[in-house]
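> using only what follows, build the 3D model:
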Amino acid sequence: MWKQYLFLTLSLFASVRLSAQVTLEECVKLAQDNYPLIRKYDLLAQTKDANLSDINKSWLPQINVYAQGTVQNTTPSFPESLAGIVSQAGANISGLNEWQYKIGADVSQHIWDGGTSKTGRKIERAEDAERQTALDVQLYAIRERVEDLYFGILLMEEQIKQISNTQALLQANLDKLRVMQKNGTAMQSDVDRVEAQYLSTAQQLIQAESSSKSYRKILELFTGKGLVGEELLKPDASIPQSLMPDRPELRHFEAQLQANEARNASITASTMPKIGLFAQAYYGYPGFDYFESMMNRDLSFNILAGLKVSWNIGAFYHKKNDRRKLRLASDHIAVERDVFLFNTNLKTRSQLDRIDELKAVMKENDRIVELRTNVRKAAESQLDNGVTDITGLLTKLTDEKQARLTASYHEIQLLQSIYQLKYTLNR
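Just a heads-up that it's a prediction; the model follows:
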């Protein structure tokens with residue numbers, strides 16, 4: 001009993017595997033996740049965090065540690081007349097030494113940077129959004145390539161199906177002719193012609209299966225998923241409700257405009273004064289007290305602190321031109337966006353016309369297939385009754401195959417045209 005359960009379980013898993021199905025949307029998602037460019041999203045996020053961290057650290061105290069030694073050819077000293085008077089009083093003033101040394105540190109701390117750090121953070125976030133949307137545009141192109149491969153496989157599989165059906169019909173008629181040839185009611189040349197057609201069809205089948213296999217391998221490279229034995233489902237044939245484009249290119253244009261707005265704010269910040277605290281401390285010779293350093297040459301500790309206001313007036317010289325450059329850059333972006341929308345609308349109109357054309361053509365597909373089938377069956381009936389018109393029969397078999405193949409092609413072409421429209425609109 002347990003062996004029966006085991007067999008049923010294995011059969012169930014095998015049937016699930018054999019009937020595994022894959023959708024177009026799954027292939028697109030797998031391809032985008034598998035594409036190496038996807039790793040750049042994490043790299044961009046890390047870059048933004050690092051840049052924002054650097055901007056925030058600009059508010060930390062800035063410390064510059066230094067050591068220096070100098071020699072001068074002349075140094076400050078008392079006038080000789082004053083030095084003589086002081087010497088008579090018993091004091092020795094030799095002036096500053098030519099050799100001077102110091103080791104110290106300069107410290108500065110922003111109190112107000114005129115909005116530089118604030119606009120810097122705004123610019124970094126805007127530029128990060130610009131980089132992210134540019135990456136979205138590149139990844140979106142993967143969708144079109146995957147869809148082309150997917151529909152190419154569907155077309156090849158339909159061709160394989162129709163060729164196999166024709167091959168089965170040729171085999172059945174070939175069997176009949178061989179019997180008729182043995183009975184003397186058909187010629188060997190008739191048998192040879194049908195067999196040659198059968199072998200030619202077998203060659204077509206091999207070529208179609210090879211093309212389908214090649215397309216599947218390329219699609220496997222895109223998706224990172226094995227597709228051997230997987231059934232590719234025909235996607236939904238519904239036309240998008242809205243014809244307004246929602247492409248990532250539009251979001252990229254908007255991000256570029258926002259980045260220019262942020263850069264415009266930095267121009268204002270560059271013209272504002274900066275206020276900060278500063279301190280200077282060093283140990284060395286001479287000290288701040290030059291008189292003391294003239295009288296003795298001992299090293300001393302010195303410190304200086306204060307409030308500093310700085311204002312780069314030169315920023316006003318090119319402020320107007322800087323704003324004009326940004327405005328022109330934004331105008332260029334707006335023109336590129338309008339051109340993109342114009343071309344997208346033209347492409348949408350063309351694709352809608354193509355869809356309408358295919359729908360109109362497909363209305364007669366079923367009737368054509370039905371008529372071609374009836375004609376082929378009539379020819380086969382004549383063969384059954386001993387009337388051997390092999391040329392006519394082969395022509396009718398070919399016509400029926402072509403009618404069925406054309407009908408299948410129209411159906412898949414309609415689906416592909418609808419998905420090309422969806423790609424154009426991002427719907």
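> which residues in the stretch 51-200 of the chain form helices?
For the stretch 51-200 of the chain, the helices defined by DSSP state H, counting those that start in this stretch occupy 80-88, 116-182, 188-223.
> ugh, typo on my part, it should be the stretch 251-400 of the chain
290-295, 319-362, 365-384, 390-425.
> could I get those helices as CSV with mean pLDDT, mean neighbour count and distance to Thr166?
Where C-beta positions appear, they are placed from N, C-alpha and C, glycine not excepted. Shown next, in CSV, are the helices of the stretch 251-400 of the chain (pLDDT from 0 to 100; neighbours: other Cβ atoms under 10 Å; distance: least, Cβ to Cβ, whole Å):
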stretch, mean pLDDT, mean neighbour count, distance to Thr166
helix 290-295, 77, 15, 110
helix 319-362, 94, 14, 21
helix 365-384, 86, 15, 10
helix 390-425, 90, 19, 4
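> can I get the ones you listed in JSON lines including distance to Trp59?
Formatted as JSON lines, these follow (distance: least, Cβ to Cβ, whole Å):
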{"stretch": "helix 290-295", "distance to Trp59": "36"}
{"stretch": "helix 319-362", "distance to Trp59": "25"}
{"stretch": "helix 365-384", "distance to Trp59": "72"}
{"stretch": "helix 390-425", "distance to Trp59": "47"}
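> of those helices, which approaches Gln68 most closely?
helix 290-295 (16.1 Å; Cβ to Cβ).
> next one: that closest one to chain centre, how far?
70 Å (Cα atoms, centre = their mean, to the nearest Å).
> circling back: which one of the helices of the stretch 251-400 of the chain lies nearest to Leu154?
Distance to Leu154, taken as Cβ to Cβ, is lowest for helix 390-425 among the helices of the stretch 251-400 of the chain, at 5.1 Å.
> helices or strands up against the closest one?
The contact analysis (3 or more Cβ pairs under 8 Å, 6 or more residues apart in numbering; DSSP states H and E) places helix 390-425 against helix 116-182, helix 188-223, helix 319-362, helix 365-384.
> same list (those helices) but as a markdown table, adding distance to Gln21.
Listed next are the helices and strands packed on helix 390-425 as a markdown table, based on distance: least, Cβ to Cβ, whole Å:
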| stretch | distance to Gln21 |
| --- | --- |
| helix 116-182 | 13 |
| helix 188-223 | 14 |
| helix 319-362 | 25 |
| helix 365-384 | 26 |
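> for the protein, name the helix or strand with the lowest mean pLDDT.
Every helix and strand of the chain was ranked by mean pLDDT, DSSP states H and E. The lowest is helix 2-18, at a mean of 44.
> ok, the nearest residue to Lys118 once chain neighbours are set aside - contacts?
Take Lys118 and drop its neighbours on the chain: the residue closest to it by Cβ to Cβ, 6 or more residues apart in numbering is Ala269, 7.5 Å away. Contact analysis of Ala269 by Cβ atoms under 8 Å, 6 or more residues apart in numbering lists Asp113, Gly114, Gly115, Thr116, Lys118, Thr119.
> just the helices of the stretch 51-200 of the chain: most buried one?
With neighbours defined as mean count of other Cβ atoms under 10 Å, the helices of the stretch 51-200 of the chain peak in mean count at helix 116-182, which reaches a mean of 18.
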